[in-house]
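K.L.:
Sequence first, predicted model second:
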Amino acid sequence: SAVISQKPSRDICQRGTSLTIQCQVDSQVTMMFWYRQQPGQSLTLIATANQGSEATYESGFVIDKFPISRPNLTFSTLTVSNMSPEDSSIYLCSVEDYSAGRTDTQYFGPGTRLTVL
Amino acid sequence: GQQLNQSPQSMFIQEGEDVSMNCTSSSIFNTWLWYKQEPGEGPVLLIALYKAGELTSNGRLTAQFGITRKDSFLNISASIPSDVGIYFCAGLHTGTASKLTFGTGTRLQVTL
């Protein structure tokens, strides 16, 4: 399966600031996804990031708050803008892995643990 | 957004016991995935199921794709301390651009 890394692994930020999270994959993938996992909760999809087009956001998430870039097939960034304590969560990227010949299986990065004070 | 119902919410078992957990949905899925998440880590894929009725094993883990396509089950045999973590099911509808819907999670604690 694809090897996924994220930077930073964790950060503590002040309210009103922004943080950009990077996701790097060791192979080219068509679709990358960004999820949020609030403390003690399950995972919620923020957006789908496709190379060459704007990200597609899920209900409740907007581009102004969570701008996403996807400059190539191995890299994506998620920015959490104008942060508030409610943004404290784990942010995870995932990719589809075609190595098994399927497009319906996703693998996750290690996550970025964000705390907003 | 929609979440899948997982049960039980948490389990405390003794080492060596077998574990069963399930995931149910009000809608049909075409793929079921089971993940395990340990503290400070991202979810790790355990088993993927692609066909109704399918039974798939991965070591001590066995998962089944329910025949109605609205549920899935995960069993862990002879549990060991490293099985501790949160287990999530996730379902995928065909034609939804690969958007996974996650379950609420089952927290497993194993005592010696």
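P.N.:
Arrived safely, thanks for sending.
K.L.:
going forward, measure contacts and count neighbours with C-alpha atoms only.
P.N.:
Fine.
K.L.:
Give me every residue in chain A lying close to chain B.
P.N.:
By the criterion of Cα under 8 Å from any Cα of the partner chain, the positions of chain A lying close to chain B are A:41-45, A:59, A:92, A:103-111, A:113.
K.L.:
again, 10 Å this time
P.N.:
In this structure, chain A approaches chain B at residues A:1, A:9-10, A:31-33, A:40-45, A:47-48, A:58-60, A:90-96, A:102-113, judged by Cα under 10 Å from any Cα of the partner chain.
K.L.:
Okay, and which of those residues map to helices?
P.N.:
Per DSSP state H, helices hold no members of the residues of chain A next to chain B.
K.L.:
Restricted to buried residues, select these in ChimeraX.
P.N.:
Isolation of the buried members of the residues of chain A next to chain B (16 or more other Cα atoms under 10 Å in any protein chain shown) is achieved in ChimeraX through the command below:
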select /A:9,10,31,32,33,42,43,44,45,47,48,90,91,92,93,94,95,96,104,105,106,107,108,109,110,111,112,113
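K.L.:
Look up the pLDDT of the most centrally placed residue in chain A for me, please.
P.N.:
Central residue check for chain A by Cα atoms, centre = their mean: the C-alpha nearest the mean position is that of A:Trp34, 3.1 Å away. In the predicted model, A:Trp34 carries a pLDDT score of 97.
K.L.:
which residues sit in contact with A:Ile21?
P.N.:
If a contact means Cα atoms under 10 Å, 6 or more residues apart in numbering or on different chains, then A:Ile21 has A:6-11, A:68, A:76-80, A:91-93, A:111-112, A:114 as its contacts.
K.L.:
Quick check: closest non-adjacent residue to the residue nearest to the centre of chain A.
P.N.:
Taking Cα to Cα, 6 or more residues apart in numbering or on different chains as the measure, A:Trp34 lies nearest to A:Cys93, with 4.5 Å between them; neighbours along the chain are not counted.
K.L.:
In contact with the residue lying closest to B:Leu4 once chain neighbours are set aside, which residues?
P.N.:
Sequence neighbours aside, B:Gly103 is the residue nearest to B:Leu4 in space, at 4.1 Å (criterion: Cα to Cα, 6+ apart). With contacts defined as Cα under 10 Å, 6+ apart, the neighbours of B:Gly103 are A:41-43, B:2-7, B:22-25, B:34, B:87-91.
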